[in-house]
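Q: turn this into a structure:
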Amino acid sequence: MANQVDVMRKMTKKEITRVFFIQNGLLILLGIGIIFISTGILQWMKELSFAWQPICWAVGLALVWAAINIALDRVLPERFTDDGGLNKLIFKDRKPLDILLLCVLIGFTEELIFRGVIQFYFGFWASVILFVLVHFRYLNKVYLLFNVTITSIIIAGLFQFSNQNLISVIMFHILFNFIGALDMRMRYQNGGGVAHGEERRR
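A: Residues are numbered from 1 along each chain as shown. Sure thing, here's the model as predicted:
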């Protein structure tokens, strides 16, 4: 983790953005490739439903879970919430529109893979476990591991009980990440962090 942060410290904001686009672009191609090989993209899309009710549920859940996360970040000691400084490197000096674009890219890509492919074909717990493992920088932090696990269960549950409405989980992921990232950006720029606005966040 430290090596990843050290490498990113030497990169410009544009270079970090380029890495995100390349990584997520490759994941999107991988997901589409799996769908084509298995059932075909048209058949896959027919089996997914679209409805406003689960999308509204997704927005509500994202707002509530983001608010809980922000509240916890303000009361927990830094040792529980520090991810090595990676989030600070990514979000501190970005404009809100840049953050939104990153959140859209990440939310779309991760949900296409973890819900649209893994959960769609391999089930609830496969998507939950693999989602947690991909966020490997949290694995040695009890609180962060718990947090990302609960987040993964919430998203997988939303997908499961919304008749596989992929749009709803994408909306949840984007909104949840965007609110959290804006909160981090505000506190980083004010010289604050997680606990009581005085310590460094993640």
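Q: dump the residue contacts of F114.
A: S127, L130, F131, V134, S152, I155, A156 (CB atoms under 8 Å, 6 or more residues apart in numbering). All C-beta spots, glycine's among them, are computed from the backbone N, C-alpha and C.
Q: can you rerun that using 10 Å?
A: 27, 31, 120, 126-128, 130-131, 134, 152, 155-156, 159, 169, 173 (CB atoms under 10 Å, 6 or more residues apart in numbering).
Q: cool, S168 as well?
A: 49-59, 61-62, 111, 115, 155, 158-159, 161-162.
Q: pull out the buried residues from the residues you listed.
A: P54, I55, W57, A58, L61, A62, E111, R115, I155, L158, F159, S162 (16 or more other CB atoms under 10 Å).
Q: what helix or strand is the fifth one on?
A: It refers to L61. helix 52-75 (DSSP states H and E).
Q: give me the buried stretch members for the following helix or strand past that helix, please.
A: Counting by DSSP H and E, the element after helix 52-75 in chain order, helix or strand, is helix 78-81. Across helix 78-81, burial judged by 16+ other CB under 10 Å covers E78, F80, T81.
Q: then stretch 91-100?
A: Buried residues in stretch 91-100 (16+ other CB under 10 Å): F91, K92, R94, I99, L100.
Q: residue ranges with poor pLDDT in this structure?
A: Counting by pLDDT under 70, the chain contains low-confidence ranges at 1-49, 191-202.
Q: hmm, 80 instead?
A: 1-51, 82-93, 136-139, 187-202 (pLDDT under 80).
Q: can I get stretch 173-186 in CSV, CA atoms only?
A: Extracted C-alpha coordinates of stretch 173-186, given in CSV (Å, rounded to 0.1, in the frame of the first residue of the first chain):
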residue,chain,number,x,y,z
HIS,A,173,-22.3,3.6,-6.0
ILE,A,174,-21.8,6.9,-7.8
LEU,A,175,-23.8,8.9,-5.3
PHE,A,176,-22.2,7.2,-2.2
ASN,A,177,-18.7,7.7,-3.6
PHE,A,178,-19.4,11.3,-4.7
ILE,A,179,-20.7,12.4,-1.3
GLY,A,180,-17.8,10.8,0.5
ALA,A,181,-15.2,12.2,-1.9
LEU,A,182,-16.7,15.8,-1.6
ASP,A,183,-16.6,15.5,2.2
MET,A,184,-12.9,14.3,2.0
ARG,A,185,-12.0,17.1,-0.4
MET,A,186,-13.6,19.8,1.9
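Q: in that stretch, which residues are buried?
A: 173-185.
Q: dump those residues to JSON lines, plus distance to D73.
A: As requested, these are arranged in JSON lines below (distance: CB to CB, whole Å):
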{"residue": "H173", "distance to D73": "19"}
{"residue": "I174", "distance to D73": "19"}
{"residue": "L175", "distance to D73": "17"}
{"residue": "F176", "distance to D73": "13"}
{"residue": "N177", "distance to D73": "14"}
{"residue": "F178", "distance to D73": "15"}
{"residue": "I179", "distance to D73": "12"}
{"residue": "G180", "distance to D73": "8"}
{"residue": "A181", "distance to D73": "12"}
{"residue": "L182", "distance to D73": "13"}
{"residue": "D183", "distance to D73": "8"}
{"residue": "M184", "distance to D73": "8"}
{"residue": "R185", "distance to D73": "13"}
